[in-house]
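Novice: Provide a 3D model corresponding to the input given below.
(chains A and B, ligands or ions: 2)
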Amino acid sequence: MNEGGRIGRVVRITIFYTVTLLVWEALVRFLQVPEWLFPAPSHIIDVIADKNSVMLFHTLVTLQETILGFALALVMGILFAIGIIHFSILRDTLYPTLIMFNSFPKIAIAPLFIIWIGIGIESKIANAFLVALFPIVINMIMGLVDMDPELLELVRAMSRSRWVLFWKIRLPHSLPYLFAACKMAVSFAVIGAIVGEFISGRTGLGYLVLSANSQFNTPLAFTALFYLVLMSLGLYGVVILAEKLMLPWYHREPAA
Amino acid sequence: MPESIRIDRLCKVYRSRDGTDVEALRDVFFTVKQGEFVSIVGQSGCGKSTLLKILAGLLPRTSGALSIEGQEVDGPRRDIGIVFQKPLLLEWRRVLDNVLLPVEIFQLDRQEYEAKALRLLRTAGLGEFLRKYPFELSGGMQQRVALCRALVAEPSLLLMDEPFGALDSLTRQKMGFELLRLWEEWKSTVLFVTHDIDEAVMLSDRVLVMSPRPGKILDTLEIDLPRPREIFVKDTAEFIRHSSRIRRRLWEEDGHE
Ligand SMILES: Nc1ncnc2c1ncn2[C@@H]1O[C@H](COP(=O)(O)OP(=O)(O)O)[C@@H](O)[C@H]1O
Ligand SMILES: [Mg+2]
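Specialist: Ligands and ions are numbered 1, 2, ... in the order given. Reported below is the predicted structural model:
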């Protein structure tokens, strides 16, 4: 995209959101919507400014749960995928189990984690891990095997070493697939952490939304959601940035 | 001159999953001398790729004997370079690192071969593209990188399976002459598979004409046109005589009289 086009886009986006907020503010005031039902943007901004440090504390809790769950899913997902493509015993046992689990609403297990590992941060990490794991394993397997069969032949004509094939071909080939999975998995991990907090949290943004709701403190709930949006966008941005840095060679065909 | 390839009554039958057999090659025999440029011409599906893959140790043969540089073919070896129709470059490697892939796989001395890779790339007109990624190159340039990669470890035999088949006809012609230039410099044996009769005559010392499936060698033509070859050779009576003979052989074999 050229420079002029980019500036034009930024202007359009800014105008869109400004107008949306203004219309929202006007409607709430004009229709005199009560604040517990749907607060005006100005009101939410007040709460954001007022509760800054409290919000930051809860955001950090949720962020920590999400990152730890995601990181664990990343490591385990990569190891599972590598194991599954190299060992037939894992291909016949672990792989079908994962596929079966994938079509199952994993979040339904969340209450059990409380019984198994308590109501602390661990059960939220476990939730985030569980939902983030599947896209990573499945995409990583694809990335390791889904390549031109003639490329494999070209390498096989030089060497039969699985080590060579893995390090020189399969692993680098899988990276774009891995990053595609990470974009999904990082959002999933946020959901996992939040649901964990809904169920048994004493801290975190999920807990905050729930407790604000029970007191009909809707402006506070909106504020928590605002921080949640910021956090999710930030995490997504980090993944995109890492992809840009690590895959300068990766070139999607431009969409028609 | 000593032999590079000796193939004796080679047969290949593919056994499909549903139990039906596909006979791809029947009683193929020929030899290729060291340093010779030999083309195999035949229509698609006649078993050319099968033959090349057996030579590269990628496919088992059903029967017959096969040796390269006097050794039985059994699995991967260092003295063969391969170029397929697709460049098959590694997208995550820059041009120079793509060319050095065989050097890494064979664990050769990187410094020594890097100099060699640079020389090859310059000869192929890619001196300014060493640090580019494959997606930044045109199809013809990618295929030239693939050719340099096939040559970098100094193979005694270069196997090429319709290497210019995906290129437009002008680029294709140019690539043919570039291949000849590299070949005259690096002097390896070349076995070149194509379905383009003019291309085969233009490049080769000898052309083998292959029948439709099951593939066997129908005819052998010595092409004694002077080297280095030039584009105008195409207009000579001798060139036309060779290419029309090949055309006729393939036509007759297809059931026409
Ligand atoms: N793996 C395979 N299994 C069964 N039949 C095959 C296989 N590969 C190729 N063939 C058949 O063998 C014949 C020769 O194929 P190929 O060597 O690719 O021909 P060419 O390269 O001359 O076009 C074709 O009829 C093709 O369908
Ligand atoms: Mg073929």
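Novice: ok, now which ones touch residue A:150?
Specialist: B:84, B:86, B:88 (Cβ atoms under 8 Å, 6 or more residues apart in numbering or on different chains). Yep, even glycine has a C-beta here, placed from its N, CA and C like the rest.
Novice: could you check the distance from the closest residue to residue A:210 other than its chain neighbours over to residue B:180?
Specialist: Leaving aside its sequence neighbours, residue A:210 sits nearest to residue A:198 (Cβ to Cβ, 6 or more residues apart in numbering or on different chains; 5.7 Å). Residue A:198 sits 72 Å away from residue B:180, taking Cβ to Cβ, to the nearest Å as the criterion.
Novice: Residue B:100 too?
Specialist: For residue B:100 relative to residue B:180 (Cβ to Cβ), the value is 24 Å.
Novice: Looking at these two, which one has more neighbours?
Specialist: Using other Cβ atoms under 10 Å in any protein chain shown, the more surrounded residue of residue B:100 and residue B:180 is residue B:100, with 22 against 18.
Novice: Quick check: buried residues in the one helix or strand residue B:246 maps to?
Specialist: Secondary structure assigned from DSSP states H and E places residue B:246 in helix B:237-253. By 16 or more other Cβ atoms under 10 Å in any protein chain shown, the buried positions in helix B:237-253 come out as B:239, B:242, B:243, B:245, B:246, B:249, B:250, B:253.
Novice: show me the contacts for the fourth one.
Specialist: By Cβ under 8 Å, 6+ apart, residue B:245 lies in contact with B:219, B:221.
Novice: what pLDDT, on average, does the helix or strand that residue A:22 is a member of get?
Specialist: Residue A:22 is located in helix A:3-30, with elements delineated by DSSP H and E. Throughout helix A:3-30, pLDDT has a mean value of 92.
Novice: Tell me how far the following helix or strand past that helix lies from the chain's centre.
Specialist: Once the chain leaves helix A:3-30, the next helix or strand it forms, by DSSP H and E, is helix A:41-50. Centroid separation for helix A:41-50 versus its chain: 27 Å, with Cα atoms, centre = their mean, to the nearest Å.
Novice: and the direction of helix A:41-50 versus that of helix A:3-30, what angle?
Specialist: Angle of helix A:41-50 versus helix A:3-30, following axes from the mean of the first three to the mean of the last three Cα atoms, to 10 degrees, is 100 degrees.
Novice: Could I get the buried residue list for helix A:41-50?
Specialist: A:43, A:44, A:47.
Novice: Check the first one and give its pLDDT.
Specialist: When you say that, I think you mean residue A:43. 90.
Novice: so what's it up against?
Specialist: If a contact means Cβ under 8 Å, 6+ apart, then residue A:43 has A:35, A:219 as its contacts.
Novice: repeat for the last one
Specialist: With contacts defined as Cβ under 8 Å, 6+ apart, the neighbours of residue A:47 are A:219, A:220, A:222, A:223.
Novice: Could you pull up the residues touching the nearest residue to residue B:64 once chain neighbours are set aside?
Specialist: In space, not counting the residues next to it along the chain, residue B:64 is nearest to residue B:10; the distance is 3.6 Å by Cβ to Cβ, 6+ apart. Counting by Cβ under 8 Å, 6+ apart, residue B:10 makes contact with B:25, B:27, B:28, B:29, B:51, B:54, B:61, B:63, B:64, B:65, B:66.
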